[in-house]
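Participant: structure of the sequence below:
(one chain, ligands or ions: 2)
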Amino acid sequence: TRSTRPQRILKAVQNNATRGDAESVIAAIDNFCRKKEWAMNVGDDKGPILDSVVSEVSPSFALELGTYCGYSTIRIARLLPPGSRLLTLEFNPDYAAIAHQIIAWAGLQDKVELLEGPSRDLIPQMKERFGIKSFDFVFLDHWKEFYLPDTKLLEECGLLRKGTVLLADNVICPGTPKYLEYVRNSPCYESCYFKSHLEYTKVEDGLEKSVFLG
Ligand SMILES: O=c1[nH]cnc2c(O)c(F)c(-c3ccc(F)cc3)c(-c3ccc(F)cc3)c12
Ligand SMILES: [Mg+2]
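Facilitator: Ligands and ions are numbered 1, 2, ... in the order given. A predicted model of the protein is given here:
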């Protein structure tokens with residue numbers, strides 16, 4: 001039977017990237033998705049913006065909502081200081097199975113914990129089951145309709161602290177108007193927009209950075 005797009009991305013990594021070399025895994029995915037088959041990775045245009053925010057925050061505890069094939073997981077994990085942890089949540093088991101293998105190929109499995117299940121079920125378990133006090137950085141890249149409810153859930157579960165940085169993908173394309181309205185008008189957030197392009201295209205998209213003020 002026909003392979004899936006995530007399986008074809010994994011094969012491109014195994015055929016073109018060096019084990020343990022995260023940069024080569026990122027390059028292999030970007031080359032494949034730019035030249036062969038588009039896929040919803042944050043990509044090489046928005047990616048450096050993600051990198052700069054992660055480097056600036058240098059988080060001890062980071063959360064990613066939406067793993068897909070692990071491309072942004074690797075972009076984040078490769079910049080984390082020793083001893084820090086990235087938890088990434090994926091509800092699609094087929095995506096998670098591929099992401100595990102791509103994260104391992106990059107040699108970053110010791111910094112990353114990939115949790116399978118719906119974010120609304122896993123977020124309330126973070127303190128008790130995963131020993132998280134609060135997150136320093138959150139990357140929202142799962143499903144546009146969940147950005148706002150999951151942000152409110154993170155607040156309600158006491159998982160955000162003064163200065164926690166939220167970075168949201170796709171705020172223009174496909175767009176997350178309810179989330180943008182909230183973080184841009186709430187007195188509890190200081191937000192700014194980083195204009196860029198939809199991955200591997202000339203279409204406008206961007207990332208919204210929002211600092212929780214407590
Ligand atoms: O769903 C997503 N999660 C995370 N990141 C995404 C991302 O970075 C994207 F570029 C897209 C996208 C945008 C435009 C387009 F034409 C196709 C897909 C999607 C997306 C949007 C609607 C869907 F029905 C399916 C996928 C996502
Ligand atoms: Mg995205």
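Participant: residues in contact with the residue in the chain positioned nearest to ligand 2?
Facilitator: Of all residues in the chain, D169 sits closest to ligand 2, with a separation of 3.7 Å (CB to the ion). All C-beta atoms are positioned from the backbone trio N, CA, C, and that covers glycine. The contact partners of D169, taken as CB atoms under 8 Å, 6 or more residues apart in numbering, are 42, 46, 72, 139-141, 205, 207.
Participant: for ligand 1, state which of the residues you listed is nearest.
Facilitator: D141 (4.7 Å; CB to the nearest ligand atom).
Participant: isn't the closest one up against G70?
Facilitator: No. Counting by CB atoms under 8 Å, D141 stays clear of G70, with 11.6 Å between them.
Participant: the closest residue in space to N16 that isn't next to it in sequence: how many residues sit nearby?
Facilitator: Of all residues not flanking N16 in the chain, A28 sits nearest, at 4.0 Å (CB to CB, 6 or more residues apart in numbering). Neighbourhood size, A28 [other CB atoms under 10 Å]: 21.
Participant: swap in R120?
Facilitator: For R120, the number of neighbouring residues by other CB under 10 Å comes to 13.
Participant: pretty sure F139 sits against L79.
Facilitator: No. Applying CB under 8 Å as the test, F139 and L79 come out as separate, 11.9 Å apart.
Participant: next one, pLDDT for T1 please.
Facilitator: We note a pLDDT of 86 for T1 in this prediction.
Participant: for P81, see how far away it is.
Facilitator: For T1, the distance to P81 (CB to CB, to the nearest Å) stands at 43 Å.
Participant: okay, those two: which has more neighbours?
Facilitator: Shown here are T1 and P81; by other CB under 10 Å, P81 has more neighbours (9 against 3).
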